[in-house]
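**Q** Got a predicted structure plus its sequence, pasted below:
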Amino acid sequence: MSSYLFKDTVNEYLENLPYSMKSKLFKSPATCLAIYRLLPNLAKFYIMSMVFHEKPVNSRIWDVWVKDSDQGKKLEVEGLRRMKSLNLITEKNNYLVLDEHFRESFRNALVGNDSHHAFGVPCATDENNKTSIDFLDEFATKKWESILHFMVGTELDELPSVGVLSLLKHSGLMEINGDITKRNLTSVNITKEGFSFLLQDVNAQIWTLLLEYLKIAETLNMDSVDVLNFIFMLGSLELGKDYSLEALSETQIKMLEDLRDYGLVYQRKASSKRFYPTRLATTLTSDSTTLRSVSSAMNKAIRSAKQDNEKDVKEEEAQVDFVSGTIIVETNFKLYCYATSPLQIAILNLFVHLKSRFSNLVTGQITRESIQRALKSGIASDQIIAYLEVNAHPQMKKLAQAALNKKIEFESVNGMKASHLSLRNLEIVPSNIVDQIKLWQLELDRIQAFGGYLFKDFKGEVEYKGLLNYAEEIGVLLYKDNANRKFFVTDEGRQQLIDYASRRTKRQKKS
């Protein structure tokens, strides 16, 4: 998920809020600054042109500021739509007015007038042992990656907190059975949505959980405005500084425990009167990437294929922890991955039969069993193919581009139209691998398995028909074979049929 997609998700949540809640949010300078950062560039320009201008602005003036082109008009329409849906502006008689609450708070954010401590209260005194940025990075990495490791099934010394487990289940990212409150789990499986979550970049992952956290907070009678204001405030704090709890509300102090579990804030102990935002928190509303080690196995995940494939991978990028170009897939279904990250290896293990591991390389085989195991857990074939394409080695992309160029050259010589050529896509993963993965999914889609019980060996046609008709009447019949006098019913229907057969036998004896 790109930064634009995560911004769209957050904006969509804010757009659906009632104006009464938005007006309360607009009273916080930090929240207004965060909302401004989430806007498209043209909308930001419009806001800046109005924030210090008290009078309404004629909407026709904005037409002059935009190029007279289809693209320019499209950007203008989208910018206005976004601002109106967020209730940042209202339009009357072709004049646009900026919301007064937003204007005042955003102006305060720009000029540094933070009388309400919307950007936190830095601690007046230093701790004896100052917490370093390196320590905060390590803490955030450990907390966040423990969540991701749990999702991919890595054995952990300690399970994530009860709050994290509840959030993963509530969000539909994991199917968790057992007593969550005691962390006594009987079964844990990642869902299709969970695998999509793993393919996102870290910022998008965090916002996915935070938006689900907001939904849970509403059911726990937590003040949603306080929750949102605190989340947006974290995005404006300075990494490495400690902040006091004195300006936080009761809801926000309660949030600290959950945010510690996500790796967004650090406290030496639960009773501490100060907290440190980590890099995961301070980059919430920015376009910059977060910790490289956290995103090692994800690498900005599923960018558009065209953008990702047209870029050459630089040597310096190949040396950092979160390079995408690490996977080589051969036409014989063998896979090689240059990886040292346990998390990336664990993700591969979801759909690849891993065979050997070296210091910087793992090898494996894409098999029918490994793919169908992933498919049964809810992962889609398209997701597997997309992951292999996004994380393909640069050499695979170069070979795919060379093959595409040859096709285009051949078709051009033979008179194919350019419009047809533009529809060609890079085939990064060998076509036989892509087709086979899809075929393995079709196998599962054609066959449905049902648990139940088979009834057979009846004494006669009357007994068989009697039970069969009753099974059809109560809707528990799954299959019947009249020729061999047998039928199959659901788990729930078994006991009902036994009871019915028992009652019939008793009536026959009495008669």
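**A** Structure's in. What do you need?
**Q** how far away is residue 473 from residue 281?
**A** Counting by Cβ to Cβ, to the nearest Å, the gap from residue 473 to residue 281 is 60 Å. Backbone N, C-alpha and C define where each C-beta goes, glycine included.
**Q** do residue 360 as well
**A** 32 Å.
**Q** Comparing residue 473 and residue 281, which residue is more hemmed in?
**A** Higher neighbour count among residue 473 and residue 281: residue 281, with 26 against 10, using other Cβ atoms under 10 Å.
**Q** Can you verify my assumption that the more buried one contacts residue 234?
**A** Yes - look at residue 281 against residue 234 with Cβ atoms under 8 Å: they come within range, at 4.0 Å.
**Q** Find residues that contact each of these two.
**A** Common contacts of residue 281 and residue 234, defined by Cβ atoms under 8 Å, 6 or more residues apart in numbering, comprise 259, 264, 265.
**Q** Measure how buried the second one is and give me the count.
**A** In this case it means residue 264. Applying other Cβ under 10 Å, we find 26 other residues in the vicinity of residue 264.
**Q** Just give the nearest non-adjacent residue to it, would you?
**A** residue 281 (4.2 Å; Cβ to Cβ, 6 or more residues apart in numbering).
**Q** next one: the first one
**A** What sits nearest to residue 259 in space, not counting adjacent residues and going by Cβ to Cβ, 6+ apart, is residue 265, at 4.6 Å.
**Q** ok, then the element right after the lowest-mean-pLDDT helix or strand in the chain?
**A** Taking mean pLDDT, DSSP states H and E as the measure, the helix or strand of the chain with the lowest value is helix 305-310, at a mean of 42. Reading on from helix 305-310 to the C-terminus, the next helix or strand found by DSSP states H and E is strand 327-329.
**Q** contact partners of that following strand?
**A** 335-337, 366, 388, 391-393, 395-396, 429-430, 433.
**Q** can you give me the helices in the stretch 251-400 of the chain?
**A** For the stretch 251-400 of the chain, the helices identified by DSSP state H, counting those that start in this stretch occupy 279-282, 305-310, 342-348, 368-376, 381-390, 394-413, in order along the chain.
**Q** Mind pulling the model confidence for residue 54?
**A** You'll see residue 54 listed with a pLDDT of 83.
**Q** what's the neighbour count on it?
**A** By the other Cβ under 10 Å criterion, the neighbourhood of residue 54 contains 10 residues.
**Q** quick one: it and residue 80, what's the gap?
**A** 20 Å.
**Q** Show me the shaky parts of the stretch 1-150 of the chain.
**A** Across the stretch 1-150 of the chain, the ranges flagged by pLDDT under 70 are 1-8, 114-116.
**Q** for the residue nearest the centre of the chain, what are its contacts?
**A** Nearest residue to the geometric centre of the chain (Cα atoms, centre = their mean): residue 197, 3.2 Å. Residues near residue 197 by Cβ under 8 Å, 6+ apart: 151, 173, 205, 208.
**Q** Work out the gap between the helix or strand where the third one lies and the centre of the chain.
**A** Take DSSP H and E as the rule and residue 205 turns out to sit in helix 202-219. For helix 202-219, the distance from its own C-alpha centre to the chain's C-alpha centre is 10 Å (Cα atoms, centre = their mean, to the nearest Å).
**Q** In contact with the residue nearest to residue 264, which residues?
**A** Counting by Cβ under 8 Å, 6+ apart, residue 281 touches 234, 235, 237, 259, 264, 265.
**Q** Drop anything exposed from the residues you listed.
**A** For the contacts of residue 281, a burial check counting by 16 or more other Cβ atoms under 10 Å picks out 234, 235, 237, 259, 264, 265.
**Q** need those residues in TSV with distance to residue 29, can you?
**A** Formatted as TSV, the entries for the buried ones among the contacts of residue 281 read as follows, by distance: Cβ to Cβ, whole Å:
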residue	distance to residue 29
234	14
235	13
237	13
259	21
264	21
265	20
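**Q** Just the buried positions in stretch 251-270, please.
**A** Under the neighbour-count criterion of 16+ other Cβ under 10 Å, stretch 251-270 has 251-252, 255-256, 258-267 buried.
**Q** could you give me the average pLDDT of it?
**A** Mean predicted confidence for stretch 251-270 is 92.
**Q** From start to finish, how long is that stretch in a straight line?
**A** Between the opening and closing residues of stretch 251-270 we find a distance of 15 Å, counting by Cα to Cα, to the nearest Å.
**Q** Using the record's assignment, carve this structure into domains.
**A** Domain assignment of the chain by automatic domain parsing yields the ranges 3-111, 133-282, 305-449, 452-510.
**Q** Next, format those domains as a markdown table and append distance to residue 127.
**A** A markdown table is the format used below for the domains of the chain (distance: least, Cβ to Cβ, whole Å):
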| stretch | distance to residue 127 |
| --- | --- |
| domain 3-111 | 24 |
| domain 133-282 | 7 |
| domain 305-449 | 30 |
| domain 452-510 | 60 |
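**Q** Go through those domains and pick out the most buried.
**A** Comparing the domains of the chain on average neighbours per residue, with mean count of other Cβ atoms under 10 Å, the densest one is domain 133-282 at a mean of 18.
**Q** hang on, isn't residue 227 packed against residue 216?
**A** No - applying Cβ under 8 Å as the test, residue 227 and residue 216 come out as separate, 9.9 Å apart.
**Q** same question for stretch 182-197, mean pLDDT?
**A** Per-residue pLDDT values over stretch 182-197 give a mean of 83.
**Q** That one spans what distance, first to last residue?
**A** Calculated as Cα to Cα, the first-to-last residue distance of stretch 182-197 is 26 Å.
**Q** circling back to that earlier point, let's have the buried residues of stretch 251-270 in a markdown table, adding distance to residue 378.
**A** Conversion of those to a markdown table gives the following (distance: Cβ to Cβ, whole Å):
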| residue | distance to residue 378 |
| --- | --- |
| 251 | 34 |
| 252 | 35 |
| 255 | 30 |
| 256 | 33 |
| 258 | 26 |
| 259 | 28 |
| 260 | 30 |
| 261 | 25 |
| 262 | 23 |
| 263 | 26 |
| 264 | 27 |
| 265 | 32 |
| 266 | 34 |
| 267 | 36 |
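**Q** which one of those residues sits closest to residue 110?
**A** residue 252 (24.0 Å; Cβ to Cβ).
**Q** Now that closest one: closest residue in space that isn't a chain neighbour?
**A** Ranked by Cβ to Cβ, 6+ apart and with sequence neighbours excluded, the top spatial neighbour of residue 252 is residue 230, at 4.4 Å.
**Q** so who does that neighbour touch?
**A** Applying Cβ under 8 Å, 6+ apart, one finds that residue 230 lies in contact with 248, 251, 252, 255.
**Q** which residues sit in contact with the nearest residue to the second one once chain neighbours are set aside?
**A** Spelled out, it's residue 251. Once its chain neighbours are removed from consideration, residue 251 has its nearest residue in residue 226; the separation is 4.1 Å (Cβ to Cβ, 6+ apart). Contacts for residue 226 were tallied using Cβ under 8 Å, 6+ apart; they are 249, 251, 252.
**Q** contacts for stretch 487-500?
**A** Stretch 487-500 has contacts (Cβ under 8 Å, 6+ apart) with 450-455, 467-468, 470-471, 474, 476-481.
**Q** Check the helices of the stretch 251-400 of the chain for me: which has the lowest mean pLDDT.
**A** helix 305-310 (a mean of 42).
**Q** Out of the shared contacts of residue 281 and residue 234, which is nearest to residue 140?
**A** With Cβ to Cβ as the yardstick, the closest approach to residue 140 among the shared contacts of residue 281 and residue 234 comes from residue 264, at 7.4 Å.
**Q** Give me the distance between the closest one and residue 211.
**A** Separation of residue 264 from residue 211 (Cβ to Cβ) stands at 14 Å.
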